[in-house]
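*Asks:* have a look at this fold, sequence not included:
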């Protein structure tokens, strides 16, 4: 490995990470990783590992990582949705130009139900936003 290693390493897991302090300042000049905490980004919980106490520096690094991770996951979510729109377009083209009757029979009901469910949620959410916007416009007059 080249360059300077970070002081902290976050082993990502569902809803958070295990937090390790990285140490290269030892006699053998090897990398030691000492687990110091477990983080849950869903509820914001930071649990020190074992009976250790986290320093202000530890907490600052962990909280900064949590903020960055939440932003990254949000960006990935919206990217996944944009990919889903592309995939729906690809699926439409496939159904119109390439799919056999047998293939369409195998997927039509599942696709129609999924699209109906999605449409219902999107229409309801849009109506909620429009109603909220109309309500806030009325309040400002």
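*Replies:* Thanks, I have it. Bear in mind the structure is a predicted one, so any value in this text is a computation, not a measurement. Residues are numbered from 1 along each chain as shown.
*Asks:* what's the next secondary structure element after the lengthiest helix in the chain?
*Replies:* Using DSSP state H to define each element, the chain has its longest helix at helix 56-97. Per DSSP states H and E, helix 56-97 leads on to helix 101-139 as the next helix or strand towards the C-terminus.
*Asks:* what angle do the longest helix of the chain and helix 101-139 make?
*Replies:* 130 degrees (axes from the mean of the first three to the mean of the last three C-alpha atoms, to 10 degrees).
*Asks:* quick one, grab the pLDDT at residue 30.
*Replies:* Residue 30 carries a pLDDT value of 81.
*Asks:* what number of residues lie near it?
*Replies:* Look at residue 30: counted by other C-beta atoms under 10 Å, it has 8 neighbours. C-beta here means a position set from N, CA and C on the backbone, and glycine is covered the same way.
*Asks:* go on, residue 62?
*Replies:* For residue 62, using other C-beta under 10 Å, the count is 19.
*Asks:* same question for the one 10 residues further on.
*Replies:* Under the neighbour criterion other C-beta under 10 Å, residue 72 is assigned a count of 10.
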